[in-house]
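Asks: Task: produce atomic coordinates for the following.
(one chain, ligands or ions: 2)
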Amino acid sequence: MPDDMHHSSSRRTVLTGVAAGLVTAAAASGRAQGAEMTAPHAALVDPENAYPRPPFPEQSQPWPGLAGKMTPRPDHGETSYRGSGRLAGRKALITGGDSGIGRAAAIAYAREGADVAIAYLPQEEPDAREVVALIREAGRKAVALPGDLRDRKYCTSLVERAHSELGGLDILVSNAGRQRHQDSILDISDEQFDETFRTNIYSLFYLSKAAIPLMPRGGAIIATASVNAFNPSEILLDYSATKGAIVAFVKSLAKQMVQRGIRVNAVAPGPFWTALQISGGQTEENIHNFGGNTPMGRAGQPAELAPVYVLLASAEASYITGQVYGAAGGTGVG
Ligand code: NAD
Ligand code: MG
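Replies: Ligands and ions are numbered 1, 2, ... in the order given. This next block holds a predicted model:
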């Protein structure tokens, strides 16, 4: 057994022993003295059973959908995420920050000490209000900037307003996305193709171009890609093509941005329980069994992605750029 594995397994024994009150066994291991004995430790979580498993109740909402009307409600970390100052004083803009993965990132960023601007569609105001309240409850500044990312002018003004209202911009999370399933390329209208590309990849270009001149060294850009960039679903042709484009964009931009001291990374989620899926993103049958085809047999919840967005934004990730982080319940990127 490699030495590091040996150490971690004997340390685990110690911690488990203390938890069960088996002080004698812990002391006998010879590693039980010091901080490990007294420090509080995090509860172990069984990943397979940590969150709801399919079947999910039948449901659909008109696009873009509201997280607040989903059954079960997605977990964005509202009651669970605990910060530890990892983003203290940072200023962040998160698109699609009203719901789903963007909301989980917004909650986590605020609890880590960042002021947060969220962008979303005007129809999503009820979800956005909840996020604004949560950011303020964390003692941070919240800025709500609704608009349509398919519009180039909005993209540019969004960055400028976030920068001026937050008093700076250190983190851009380009997370908003549009996904509409179609069985065949013959069913994808020119309009749909255009809208998917405008929402998912053009906005990343416009937002990055506007943000980079405003960002200091140490800043971070994070884009939300998808496992569909690597293993595209046959019913998500246009969507998958944009996600592949996001991966290439991030990897290229990361190389350019080294000299500016800005790190650029992407996150590639598998199936996560969000409004995107129940508002035209998936077939009813796929919603019923959502996440059931992953090795873990369940969907991810947005809260499970927040730590990745925190890491990629934080100074702790200073050597991490041009990367794509997967979280897909057992399948991966590549
Ligand atoms: P979500 O519906 O909660 O969030 C998507 C957000 O995109 C919406 O809240 C909306 O504010 C925003 N948006 C869409 N079109 C817009 C437009 N024209 N203008 C402005 N904003 C617009 O769903 P989510 O799953 O959290 O999606 C976040 C990101 O995660 C998306 O890029 C999505 O492609 C990606 N993703 C999701 C999954 C999943 O299974 N949920 C998997 C892989 C990748
Ligand atoms: Mg939303």
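Asks: Surely Thr294 is in contact with Thr331?
Replies: Yes. The pair Thr294 / Thr331 is scored as a contact, 6.3 Å apart, by CB atoms under 8 Å. All C-beta atoms are positioned from the backbone trio N, CA, C, and that covers glycine.
Asks: Overlap in contacts, those two.
Replies: Residues touching both Thr294 and Thr331 by CB atoms under 8 Å, 6 or more residues apart in numbering: Gly270.
Asks: any idea which element the residue nearest in space to the middle of the chain lies in?
Replies: Centroid-nearest residue in the chain: Ile101, 4.3 Å away (criterion: CA atoms, centre = their mean). Using DSSP states H and E, Ile101 falls within helix 100-111.
Asks: any idea which helix or strand comes after that helix?
Replies: strand 115-120.
Asks: Show residues contacting that following strand.
Replies: 90-99, 102, 106, 109-110, 127-128, 131-132, 135, 140-147, 149, 158, 161-162, 165-167, 176.
Asks: Just the buried residues from the residues you listed, in PyMOL please.
Replies: Restricted to buried positions by 16 or more other CB atoms under 10 Å, the PyMOL selection for the contacts of strand 115-120 reads:
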select buried, resi 90+91+92+93+94+95+96+97+98+99+102+106+109+110+127+128+131+132+135+140+142+143+144+145+146+147+149+158+161+162+165+166+176
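Asks: which residues of this structure fall in helices?
Replies: 3-19, 23-28, 35-38, 100-111, 125-137, 152-166, 190-197, 203-211, 237-257, 275-276, 284-288, 306-313 (DSSP state H).
Asks: touching ligand 1 at all, the fourth one?
Replies: Yes. With CB under 6 Å from any ligand atom as the measure, helix 100-111 is seen reaching ligand 1 through Gly100, Ile101, Gly102.
Asks: ok, the first one - contacts?
Replies: In this case it means Gly100. By CB under 8 Å, 6+ apart, the neighbours of Gly100 are Ala67, Pro74, His76, Phe272, Thr274, Ala275, Leu276, Pro302.
Asks: Taking those together, which two end up most distant?
Replies: Maximum pairwise distance in the contacts of Gly100, criterion CB to CB, is 13.5 Å, between His76 and Leu276.
Asks: Distance check, the residue lying closest to Ala306 once chain neighbours are set aside against Ser84.
Replies: Excluding the flanking residues, the one nearest Ala306 by CB to CB, 6 or more residues apart in numbering is Ala108, at 3.8 Å. As judged by CB to CB, to the nearest Å, Ala108 and Ser84 stand 11 Å apart.
Asks: go on, Pro126?
Replies: 30 Å.
Asks: For those two, work out which one has more neighbours and name it.
Replies: Pro126 (13 against 10; other CB atoms under 10 Å).
Asks: ok, that one - contacts?
Replies: Applying CB under 8 Å, 6+ apart, the residues contacting Pro126 are Leu66, Gly68.
Asks: Ligand 1 versus that one, what's the distance?
Replies: 12 Å (CB to the nearest ligand atom, to the nearest Å).
Asks: And for Leu121?
Replies: 5 Å.
Asks: if I look at that residue, how far off is Ser99?
Replies: 10 Å.
Asks: Give me the more crowded residue out of His76 and Leu276.
Replies: His76 (29 against 24).
Asks: shouldn't the more buried one be in contact with Met70?
Replies: No. Using CB under 8 Å as the test, His76 is too far from Met70 to be in contact (11.1 Å).
Asks: Spell out which parts of the stretch 51-200 of the chain neighbour ligand 1.
Replies: 64-65, 67, 96, 98-102, 120-121, 124, 148-150, 175-179, 199.
Asks: rerun at 8 Å
Replies: Residues of the stretch 51-200 of the chain lying near ligand 1 by CB under 8 Å from any ligand atom: 64-65, 67, 74, 95-104, 119-121, 124, 127, 147-150, 154, 175-179, 195, 198-200.
Asks: which stretches of the protein aren't confidently modelled?
Replies: 1-38, 334 (pLDDT under 70).
Asks: Just want the residue of it that's nearest ligand 2.
Replies: Ser99 (3.2 Å; CB to the ion).
Asks: ok, that residue - contacts?
Replies: So Ser99 contacts Gly65, Leu66, Ala67, Pro74, His76, Tyr120, Glu124, Asp127, Thr274, Ala275 (CB under 8 Å, 6+ apart).
Asks: Just flag the most distant two among the residues you listed.
Replies: Pro74 and Tyr120 (15.2 Å).
Asks: Would you mind naming what in this structure lies close to ligand 2?
Replies: Residues of the chain found near ligand 2 (CB under 5 Å from the ion) are Asp98, Ser99, Glu124, Ala275.
Asks: ok, back up a step: Serialize the contacts of Gly100 to CSV and add fields for distance to Ala42.
Replies: Converted to CSV, those look like this (distance: CB to CB, whole Å):
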residue, distance to Ala42
Ala67, 26
Pro74, 22
His76, 20
Phe272, 22
Thr274, 26
Ala275, 30
Leu276, 30
Pro302, 20
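Asks: Can you tell me how far Ala176 is from Gly218?
Replies: In terms of CB to CB, Ala176 sits 24 Å off from Gly218.
Asks: ditto for Ala142
Replies: From Ala142 to Gly218 the distance is 23 Å (CB to CB).
Asks: Ile94 now?
Replies: Ile94 is 18 Å from Gly218, by CB to CB.
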